[in-house]
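Undergrad: Generate coordinates for the sequence data below:
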Amino acid sequence: MKIIRESTHISGFLYDQPVKELPALTHCGETLCARGHSIGPHSHAGFEFHYLSRGSYGWRVGRETIEQQMGDIFVNYPNEIHSTAPRSCPESHFLWIGLHLSQLGPEGARLAAALRKKKCRVLPGCHEAEPILRGLVSQVINRRAHRAAATLAYLQTFIALVRQQILSAEAGPGGDVARLPYSHSIQKAVCYLERNLDRRLPLSELAVVATMRHVPHFCARFHQEVGVPPAVHHRRLRLHAAREALRQPAFSITMAALQFGFSSSQHFSVCFQREFGISPRNWQSGGVIV
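TA: Here you go, the predicted model:
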């Protein structure tokens, strides 16, 4: 293992030939890059897949500049020289693997053919790739029993996911695939909010669910992806659920306030009015939300 210690890299590591029983996996790694970092021109014998879990990035391949956003996979082809684009990159976080796809059976060969046919450069919205790559890297690092078999299973799943992204490409400019709404971490937090509508949730609890150590970083990333802070999104979810509950004649405003985590019926009514432009009493009596 090579520990990455450079002025433009906050932390990171690289494994070359990490599993000797799997020569098809040429390298893998993870790095947290500082703002303004750069990577010089280089190439690899096989395909390389970069998953961006945080920030944005610019690549240079030949004379082409490629923009990569959070959740995207950047695909680099065998023996293709690539480097950082000539612009200042923000702080970013990567997971990446190098593969000889031709050595990974019929599915690997089919993926290589599909990539070359579609001339894919960036696969957007591949958030499902993050837990797969993290699982693969964990196998490499921890050297558990049956490590080669488990790593191969992760590789096969990754290949299937990438091929699925290519096959599900929508007809449109550049043939981009549809983006999933959120990254893996933020999706977990959003689902947790949707399952817990009976109370306000501490930000520290949400950060743990999203597997993020620092609450400010979690809040900033949530706001970036969802468009509003976590508390605002959760309040909207609770208000929409309460509005549906109030369709039932026997469901009182006080019951709605208590069931969906508001401190009082008065507080609930104020929030309801602000969100929907109508009081909960008028809504329940047949009013129309404009």
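
Undergrad: count of neighbours near residue 22?
TA: 20 (other C-beta atoms under 10 Å). All C-beta spots, glycine's among them, are computed from the backbone N, C-alpha and C.

Undergrad: and it, what does it touch?
TA: Listed by C-beta atoms under 8 Å, 6 or more residues apart in numbering, the contact set of residue 22 reads 148, 151-152, 155.

Undergrad: mind redoing it with 7 Å?
TA: Contact partners of residue 22, counting by C-beta atoms under 7 Å, 6 or more residues apart in numbering, are 148, 151-152.

Undergrad: List buried residues within those.
TA: The neighbour-count criterion (16 or more other C-beta atoms under 10 Å) marks 151-152 among the contacts of residue 22 as buried.

Undergrad: what would the contacts of residue 22 look like in TSV with pLDDT?
TA: Conversion of the contacts of residue 22 to TSV gives the following (pLDDT from 0 to 100):
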residue	pLDDT
148	94
151	95
152	95
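
Undergrad: quick one: which of the contacts of residue 22 is nearest residue 37?
TA: Each of these was checked against residue 37 using C-beta to C-beta; the closest is residue 151, at 28.6 Å.

Undergrad: Distance check, the residue nearest the centre of the chain against residue 220.
TA: Nearest to the mean C-alpha position of the chain, counting by C-alpha atoms, centre = their mean, stands residue 183 at 2.3 Å. Residue 183 sits 13 Å away from residue 220 when distances are taken as C-beta to C-beta, to the nearest Å.

Undergrad: Ok, residue 194 next?
TA: For residue 194, the distance to residue 220 under the criterion C-beta to C-beta works out to 21 Å.

Undergrad: Kindly report the same for residue 234.
TA: 17 Å.

Undergrad: Point out where the stretch 51-200 of the chain drops to low pLDDT.
TA: Across the stretch 51-200 of the chain, residues meeting the criterion (pLDDT under 70) sit at 87-88, 168-181.

Undergrad: Make sure residue 150 is actually in contact with residue 138.
TA: No - because the distance of 9.2 Å does not satisfy C-beta atoms under 7 Å, residue 150 is recorded as not touching residue 138.

Undergrad: quick one: which of these two has more around it?
TA: Neighbours per residue (other C-beta under 10 Å) separate residue 150 from residue 138, with residue 150 holding more: 17 against 14.

Undergrad: Grab the nearest non-local neighbour of that one.
TA: For residue 150, the nearest residue in space outside its immediate sequence neighbours is residue 139; the separation is 5.0 Å by C-beta to C-beta, 6 or more residues apart in numbering.

Undergrad: Noted, bye for now.
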